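Novice: A structural model of the following input is requested.
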Amino acid sequence: MINRLPYFPVAFLSLFLAHLPECDAGEPQIVTLWPEKAPGENKALPPEGEAPGGTKYVAGKTIYLVTNVSKPELAIYKPEPSKSTGAAVIICPGGGHNLLAYDLEGTEIAEWLNSIGITGIVLKYRVPFRNPEFKCEAALQDAQRAVSVVRAKAKELGIESSKIGILGFSAGGEVAARASLQYTERKYSKLDATDDVSCRPDFSVLIYPAYLVNKANVLLDELKPTADTPPTFLVHAWDDPVTPLSSLCLATELKKAGVSCELHLFALGGHGYGMRHVDGLPVTDWTSQAAVWLKKR
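Specialist: So this is what the prediction gives:
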């Protein structure tokens, strides 16, 4: 079993606070999301950097955790031109809406996507949460804007505007799920022409998504799918303390709405493994099934 508990602020051993974690895909193109301040930003945060605390490991490797994000951005990693499928995936790392597991659930995923010909786009959304009544609010605003920005720049990025998906882990899974289920109403006022571009993802990949059910373990009312909800791929472990009912309930409602869905539920695995392989835990190899599903998209 690995990392069975939700994320808590911890530090990485490295001292380079100003640099992105390395990714074999090479240096990313950085795109800022908002022309000025993000919606509702009226309070200064400490400088962005590694979350304080002790070192944390997953599958024997340290992870880089970043917090105090007030200037959201996209880090765009492109595959080799000869491999490119024209598809892109916006990646939402997890971290309990307090921080972001930026390499474990971000740059490492971009590298894998590049290996199968997909542009990987890591979304550095705002953390910690601003609104205690709706912790996902700022992150959802960033995700909606991110889909529109990527679609508006599709030609420039060498991707197809009809092949833009979203992928999220844990709290980032909530962000991705809400972006897929609540795209008909932006959670911020229009700023510019970019907001005239659709923020609906073309497909959704949710890995151990969190916070989708209420205390009665029923899917939240505002997250009920419709026939126009994007096709969805779900992964969860039965022993995940961040309840697998988030995935099970969503899959059930997707079926009722007639939306294509693929659900992979494993007996063991806990929470927070990203895509790092662990012997004896097949859930950590979910990318093999996801690659086949993505190819069909």
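
Novice: pLDDT value on the residue nearest to the spatial centre of the chain, please?
Specialist: The centre of the chain sits closest to Cys92, judged by Cα atoms, centre = their mean, with a distance of 1.9 Å. On the pLDDT scale, Cys92 is placed at 99.

Novice: Look up phi and psi at it.
Specialist: Backbone dihedrals for Cys92, given as degrees, to the nearest 10, come out at phi -110, psi 100.

Novice: What is the burial count for Thr243?
Specialist: By other Cβ atoms under 10 Å, the residues close to Thr243 number 19. Placement of C-beta: from N, CA and C, glycine included.

Novice: doesn't it fall inside a helix?
Specialist: No: assessed with DSSP: H, G, I helix; E, B strand; the rest coil, Thr243 is coil; it does not lie in a helix.

Novice: Tell me the secondary structure of the closest residue to Cys261 other than its chain neighbours, please.
Specialist: Spatially, and ignoring its direct neighbours in sequence, Cys261 is nearest to Leu254 (4.2 Å; Cβ to Cβ, 6 or more residues apart in numbering). Following three-state DSSP, the label given to Leu254 is helix.

Novice: Can you tell me the SS state at the nearest residue to Tyr273 once chain neighbours are set aside?
Specialist: Of all residues not flanking Tyr273 in the chain, Thr284 sits nearest, at 4.9 Å (Cβ to Cβ, 6+ apart). Under the three-state scheme (three-state DSSP), Thr284 adopts helix.

Novice: which residues does Thr284 contact?
Specialist: Thr284 makes contacts with 2, 59, 269, 273, 275-278, as judged by Cβ atoms under 8 Å, 6 or more residues apart in numbering.

Novice: now do Gly258
Specialist: Ala227.

Novice: Against Leu219, how distant is it?
Specialist: 16 Å (Cβ to Cβ, to the nearest Å).

Novice: Over to Arg130?
Specialist: Where Leu219 is concerned, Arg130 sits at a distance of 25 Å (Cβ to Cβ).

Novice: Repeat that for Pro93.
Specialist: With Cβ to Cβ as the criterion, Pro93 and Leu219 are 23 Å apart.

Novice: what about those two, which has more around it?
Specialist: Between Pro93 and Leu219, counted using other Cβ under 10 Å, the more crowded position is Pro93 (34 against 21).

Novice: Next up, phi/psi of the more buried one, please.
Specialist: phi -60, psi 160.

Novice: Hmm, it is touching Val122, no?
Specialist: Yes: using Cβ atoms under 8 Å, Pro93 is in contact with Val122, at 7.2 Å.

Novice: Next one: Leu220 from Leu212, what distance?
Specialist: From Leu220 to Leu212 the distance is 6 Å (Cβ to Cβ).

Novice: typo on my end, it should be Leu263
Specialist: Leu263 is 13 Å from Leu212, by Cβ to Cβ.

Novice: same thing with Pro47?
Specialist: For Pro47 relative to Leu212 (Cβ to Cβ), the value is 32 Å.

Novice: what pLDDT does the residue sitting furthest away from the middle of the chain get?
Specialist: For the chain, the residue at maximal distance from the C-alpha centroid (Cα atoms, centre = their mean) is Ser82, at 26.3 Å. On pLDDT, Ser82 comes in at 97.

Novice: Quick check: phi and psi at it.
Specialist: Dihedral angles (degrees, to the nearest 10) for Ser82: phi -70, psi -20.

Novice: and what of Ala290?
Specialist: phi -60, psi -40.

Novice: Need the pLDDT of it.
Specialist: Predicted confidence (pLDDT) for Ala290: 98.

Novice: Same check on Lys256?
Specialist: For Lys256, the model assigns a pLDDT of 98.

Novice: Now it. Nearest residue, chain neighbours left out?
Specialist: Pro225 (7.8 Å).

Novice: Could you report the separation of the residue nearest to Tyr273 from Ala267?
Specialist: 13 Å.

Novice: and the residue nearest to Cys261, how many neighbours does it have?
Specialist: 24.
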